[in-house]
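**Student:** From the sequence below, what's the structure:
(one chain, ligands or ions: 1)
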Amino acid sequence: MEAPTHGTVHLSDWQKSYFAIASGTCTPGQKADEYRAKILRIQYAWANSEISQVCAANLFKKYAEKYSAIIDSDNIETGLNNYAENILTLAKCQQNDSDKWQSALTTENVFGLKCVQERMQASKKVQSSQMAPADALVLADKGVSASAAPCLPGLSAFSSTGENEHCAGSSKCAGRGPHLLEHPLSSKSLQSNVPPVTKASDILPVSSASLSEQIHAGFQAAPLFGHKEMTNGASLKIPGNCSDGQNLSLPNQSAVQAWSGKRKAFYGLTDKGSTATSSLAPCQASNTTEANSFSGSRNGSEESGVPGFRTAKEQLWVDQQKKPQSLQQRAPVSYGGVKKSLGAGRSRGPFSKFVPPVPKQDGNENGGVQCKPHARGPTEPLLPVDERLKSIEPKMVELIMHEIMDHGPPVNWDDIAGVEFAKATIKEIVVWPMLRPDIFTGLRGPPKGILLFGPPGTGKTLIGKCIACQSGATFFSISASSLTSKWVGEGEKMVRALFAVARCQQPAVIFIDEIDSLLSQRGDGEHESSRRIKTEFLVQLDGATTSSEDRILVVGATNRPQEIDEAARRRLVKRLYIPLPEASARKQIVSRLMSKEHNCLSEEEIELIVKQSDGFSGADMTQLCREASLGPIRSLQSMDITTIMPEQVRPIAFVDFESAFGTVRPSVSSKDLELYETWNRTFGCGR
Ligand SMILES: Nc1ncnc2c1ncn2[C@@H]1O[C@H](COP(=O)(O)OP(=O)(O)OP(=O)(O)O)[C@@H](O)[C@H]1O
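**Tutor:** Residues are numbered from 1 along each chain as shown. I've put the predicted structure just below:
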């Protein structure tokens, strides 16, 4: 991008800052400032039509991610991780690497301020114990004076967490200063004293102006994402409760809120359902419920190094917990704050109905480049606007939505009997990285493809689905043979469309059953269309056309691993053998299935069933139980099936299993098993 020539931005500045950042010599604060400045420059360039919106959005994403990564990083050397610390820094004007963020407020002068003095006096008089004793004690422990803190009762719990955004810019910071501990009104008095609300103008006017200015400057990046209210001066206006005079609207609080809002804005810009206004409204979190839950959930947590303090990621986690159960299930904890705000921003999971990407309906949501949930009527046309879906035929998206995307019930690890090694490996290499992309980076990053191989009916599909459920990913399940047969001539397009939709719905798991038929070794007789599908698949799998940050996992399953060619094998880096269930797993399957039925099986009888079913697959065991469950019905021979009462059906007994063994046989031959074992020894990643 060409450097804008207007204003104070010059090419040399641009280059200088680039080299400063690249040199690795600048502090995290300087880097953050630089990235923020870059974001502004991008915005100027865009506003002046020097770059396209797409280009601006891409650049913005890039730098916003870098910026967020710094302010979110828990690493002391590379990040400005500590939210409270930064607020404190702002107010104290110490340890601040950026002179842009200077504040006139210091620990030394804060007590000299008239308003603070007044509040101290007032708090002396007020004996009402609006603050919860526990909170007060926590504050006291920290040496923070509530009497000096301009907190409302509703904010008391917040204070106790150490992240009272409202107070952080003023007395909390001061409270941490050396003088406060010796102050007559310090920890003892705060235990019962909560000061009355003070007019905004009374409180610490000194620090407000400069901070507000800086923050306004920082906010100007917002329009790129369509949050107009952030630039028109309303960005620092606190909506709802906060502005009605009941709560504080201290100038310096505003600054701190704005600082927090500014940070949140970076999370909230593209976050589903998170408008700029809400992200700039810490006061909403100051209602008692929020404050209490905040306090409660973090008590004793030392994760961030500040007891009771929550980072933005943790806040996200708490927010997730507050969502209805169904939502939680669909979108489990995502710690990838940066990714969340700037990535696909999906809010649905594997079991909800597919929500096609549609154009944004108003400028304030998502900035128009992301997918957005939308309740679409049956006749309403599908309008893919996501860049990644522009070249995809809508009918393909429809097909994927109806036939490939899985809407079934969730699967837990406990639902899969046995295969402990495979489950443990998958959790480690796939599920955790999908849940914590921030930790599993570089070499720890998840593979793009894994292969589950083994006899039929051993739970490979279950595992694929479980991966999706447990990692909060959207589950796409397709049989490779249907690519070549069902969508004749369209298979290649379907592969492309599938990956494109998955990219919009990431994190996503694409489960491909019978993957051998897609990736079989090339032969002379290979059909041209099959070859094209295979090529397209390998291209997609390689991520050649995708960003390396895409969180899409391909899980291939096969009963014929030996047919997979070398190139494909290499790409499916983790090849896990899913063997026949051992005795303990078979017992688990029978016990689990029987526990849902009326039965009279004793422990010994179950053991006998397990013994007798040696060599059965999971699917065989299920079939055996089904067959046995029909026994009681068959024994009602003489009765009219249309008239019998449910209670007339006797419980399932061992005798039913005995007769079931007469018709249900193991589906896997020992010869096949040998083949799997051999292939596992050669190419498998198991033990
Ligand atoms: N390990 C297992 N634990 C519990 N149930 C199992 C297990 N393995 C198989 N089943 C039962 O068998 C059914 C079929 O399993 P699944 O489809 O996952 O096997 P698969 O290995 O994918 O088979 P295929 O190779 O034929 O596609 C499951 O719905 C489940 O009822």
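
**Student:** Check which helices and strands the one helix or strand residue 503 maps to sits against.
**Tutor:** Under the criterion DSSP states H and E, the helix or strand holding residue 503 is helix 491-504. Using 3 or more Cβ pairs under 8 Å, 6 or more residues apart in numbering; DSSP states H and E as the contact criterion, the elements in contact with helix 491-504 are helix 394-399, strand 474-479, helix 480-485, strand 508-513, helix 528-542, strand 552-558. Every C-beta, even on glycine, is put in place using the N, C-alpha and C of the backbone.

**Student:** Just checking the third one against the ligand, any contact.
**Tutor:** It stands for helix 480-485. No - residues of helix 480-485 are not located near the ligand by Cβ under 6 Å from any ligand atom, the shortest gap being 11.2 Å.

**Student:** Could you list the residues in contact with that helix?
**Tutor:** Surrounding helix 480-485, the residues in contact under the criterion Cβ atoms under 8 Å, 6 or more residues apart in numbering are 491, 494-495, 512-519, 527, 529-530, 533.

**Student:** can you pick the most crowded of those residues?
**Tutor:** Ranked by the number of neighbours (other Cβ atoms under 10 Å), the contacts of helix 480-485 place residue 515 first, at 29 neighbours.

**Student:** just to revisit the earlier point, go through the contacts of helix 480-485 and name the one with the lowest pLDDT.
**Tutor:** Taking the contacts of helix 480-485 together, the minimum pLDDT is found at residue 527 (72).

**Student:** so what's that residue closest to, chain neighbours aside?
**Tutor:** Closest residue in space to residue 527, ignoring its immediate chain neighbours: residue 484 at 7.8 Å, by Cβ to Cβ, 6 or more residues apart in numbering.

**Student:** and if you look at residue 563?
**Tutor:** Using Cβ to Cβ, 6+ apart and skipping residues adjacent in sequence, the residue nearest residue 563 is residue 516, 4.2 Å away.

**Student:** pretty sure the one you found is in a helix, no?
**Tutor:** Yes - using DSSP: H, G, I helix; E, B strand; the rest coil, the assignment for residue 516 is a helix.

**Student:** Wait, residue 433 touches residue 444, no?
**Tutor:** Yes - applying Cβ atoms under 8 Å, one finds residue 433 in contact with residue 444, separated by 6.7 Å.

**Student:** What separation is there between residue 439 and residue 433?
**Tutor:** Separation of residue 439 from residue 433 (Cβ to Cβ, to the nearest Å) stands at 8 Å.

**Student:** Show me which residues of the chain are close to the ligand?
**Tutor:** For the chain, the contact set with the ligand under Cβ under 6 Å from any ligand atom comprises 416-419, 456-462, 513, 557, 559, 581, 585, 589, 618-619, 622.

**Student:** now for the helix or strand harbouring residue 41, which elements pack on it?
**Tutor:** Assignment of secondary structure by DSSP H and E places residue 41 within helix 28-47. When contacts are defined as 3+ Cβ pairs under 8 Å, 6+ apart, helix 28-47 sits against helix 11-23, helix 53-72.

**Student:** And the ones you listed, which one averages the lowest pLDDT?
**Tutor:** Least confident of the helices and strands packed on helix 28-47, judged by mean pLDDT, is helix 11-23 with a mean of 50.

**Student:** Next, count neighbours for residue 414.
**Tutor:** For residue 414, the number of neighbouring residues by other Cβ under 10 Å comes to 10.

**Student:** Check the one 4 residues further on too.
**Tutor:** Counted with other Cβ under 10 Å, residues neighbouring residue 418 total 22.

**Student:** And residue 601, by the same measure?
**Tutor:** Residues within reach of residue 601, counting by other Cβ under 10 Å, total 20.

**Student:** Can you verify my assumption that it contacts residue 656?
**Tutor:** No - applying Cβ under 8 Å, one finds residue 601 not in contact with residue 656, separated by 9.2 Å.

**Student:** pLDDT below threshold where in the protein?
**Tutor:** Low-confidence regions of the chain, defined by pLDDT under 70, span residues 1-25, 72-77, 79-116, 118-120, 122-388, 485-488, 522-526, 544-548, 687.

**Student:** so what are the domain limits for it?
**Tutor:** The record assigns the chain these domain ranges, following automatic domain parsing: 11-79, 82-322, 343-580, 583-667.

**Student:** what about stretch 483-501, start to end distance?
**Tutor:** The distance separating the two terminal residues of stretch 483-501, taken as Cα to Cα, to the nearest Å, comes to 16 Å.

**Student:** ok so, going back, neighbour-wise, which of residue 439 and residue 433 wins?
**Tutor:** Ranked by neighbour count (other Cβ under 10 Å), residue 439 and residue 433 place residue 433 first, with 22 against 11.

**Student:** can you pull the contacts of the more buried one?
**Tutor:** Contacts here follow Cβ under 8 Å, 6+ apart; on that basis residue 433 touches 439-440, 444-446.

**Student:** Next: residue 498.
**Tutor:** Applying Cβ under 8 Å, 6+ apart, the residues contacting residue 498 are 400, 404, 476, 478, 510.

**Student:** and residue 78, how far is that from the ligand?
**Tutor:** Residue 78 sits 44 Å away from the ligand, taking Cβ to the nearest ligand atom, to the nearest Å as the criterion.

**Student:** what helix or strand is the nearest residue to residue 559 once chain neighbours are set aside on?
**Tutor:** Spatially, and ignoring its direct neighbours in sequence, residue 559 is nearest to residue 456 (5.1 Å; Cβ to Cβ, 6+ apart). Under the criterion DSSP H and E, no helix or strand holds residue 456.

**Student:** tally of neighbours for residue 445?
**Tutor:** Per other Cβ under 10 Å, the neighbour tally for residue 445 reads 14.

**Student:** List the contacts of the residue in the chain positioned nearest to the ligand.
**Tutor:** Residue nearest to the ligand within the chain (Cβ to the nearest ligand atom): residue 618, separated by 2.1 Å. Residue 618 sits next to 417-418, 457-459, 462, 581, 585, 589 when contact means Cβ under 8 Å, 6+ apart.

**Student:** Return the closest of these with respect to residue 57.
**Tutor:** Checking the contacts of residue 618 against residue 57 with Cβ to Cβ, the nearest one is residue 462 at 39.6 Å.

**Student:** isn't that closest one right next to residue 414, touching?
**Tutor:** No - under the criterion of Cβ under 8 Å, residue 462 lies out of contact with residue 414, with a separation of 11.2 Å.

**Student:** by contact count, what packs against the helix or strand hosting residue 461?
**Tutor:** Under the assignment given by DSSP H and E, the secondary-structure element containing residue 461 is helix 460-471. Contacts of helix 460-471 with other secondary structure elements, assessed using 3+ Cβ pairs under 8 Å, 6+ apart, are made with helix 420-426, strand 449-453, strand 474-479, strand 508-513, strand 552-558.

**Student:** Who are the contact partners of residue 520?
**Tutor:** The contact partners of residue 520, by Cβ under 8 Å, 6+ apart, come to 563-565.

**Student:** Dihedrals phi and psi, it?
**Tutor:** Its backbone dihedrals place residue 520 at phi -70, psi 160, with angles given as degrees, to the nearest 10.

**Student:** Could I get the buried residue list for stretch 42-55?
**Tutor:** For stretch 42-55, the neighbour count (16 or more other Cβ atoms under 10 Å) marks 42-46, 50-51 as buried.

**Student:** Including distance to residue 392, could those go into a markdown table?
**Tutor:** Supplementary listing: the buried residues of stretch 42-55 in a markdown table, determined by distance: Cβ to Cβ, whole Å:
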| residue | distance to residue 392 |
| --- | --- |
| 42 | 28 |
| 43 | 31 |
| 44 | 34 |
| 45 | 30 |
| 46 | 27 |
| 50 | 31 |
| 51 | 26 |
